[in-house]
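Asker: no sequence for this one, just the structure:
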């Protein structure tokens with residue numbers, strides 16, 4: 001798993017050449033969202049399927065960074081995320097109950113037409129109705145259970161690795 005702002009040097013990981021690239025989008029709110037990205041990572045590793053996972057959850061995130069294009073750290077983080085969302089074959093998007101996740105909602109809108117989303121939105125997410133509407137409009141399968149969504153992810157990864 002590669003975390004922001006880490007780049008993938010394929011010369012160091014030749015076995016990953018041609019593996020599907022997966023962006024782990026969704027709730028990160030520190031103190032409110034569990035580290036579900038690690039759960040997804042473990043499930044993929046246990047499956048022994050080849051995949052490149054991009055995780056925007058930074059170990060060194062600093063909430064004092066100014067939310068501005070002019071702040072170099074903030075700019076680098078958001079640029080990394082946008083780049084990885086664009087190049088990914090699959091975007092796994094999880095809305096954790098008890099979070100607001102405005103950036104995740106933005107990412108859903110940005111990529112609703114891309115046909116590469118796996119969306120999981122359990123009961124309790126404050127804007128579940130909006131997520132349901134977007135998924136319905138763009139024929140995106142909506143999951144309410146993280147384990148079910150991860151099973152779909154593994155099926156998709158196997159398809160890419162055939």
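Answerer: Cool, got the structure. Computed from a prediction, not measured in an experiment: that's the story for all the values here.

Asker: which residues touch the helix or strand residue 129 falls within?
Answerer: Following DSSP states H and E, the helix or strand that holds residue 129 is helix 128-137. Contacts to helix 128-137, defined as CB atoms under 8 Å, 6 or more residues apart in numbering, come from residues 95, 105, 108, 109, 112, 119, 121, 122, 125, 140, 141, 142. Where C-beta positions appear, they are placed from N, C-alpha and C, glycine not excepted.

Asker: and that helix, how far out from the chain's middle?
Answerer: 18 Å (CA atoms, centre = their mean, to the nearest Å).

Asker: before we move on, the earlier item: so which of the contacts of helix 128-137 is the closest to residue 63?
Answerer: residue 105 (19.7 Å; CB to CB).

Asker: buried ones in stretch 29-46?
Answerer: Residues of stretch 29-46 classed as buried by neighbour count (16 or more other CB atoms under 10 Å): 33, 36, 37, 40, 41, 43, 44.

Asker: helices along the chain, start to end?
Answerer: 36-47, 72-87, 102-111, 128-137, 146-160 (DSSP state H).

Asker: what is the rounded mean pLDDT of the second one?
Answerer: Regarding helix 72-87, the rounded mean pLDDT is 96.
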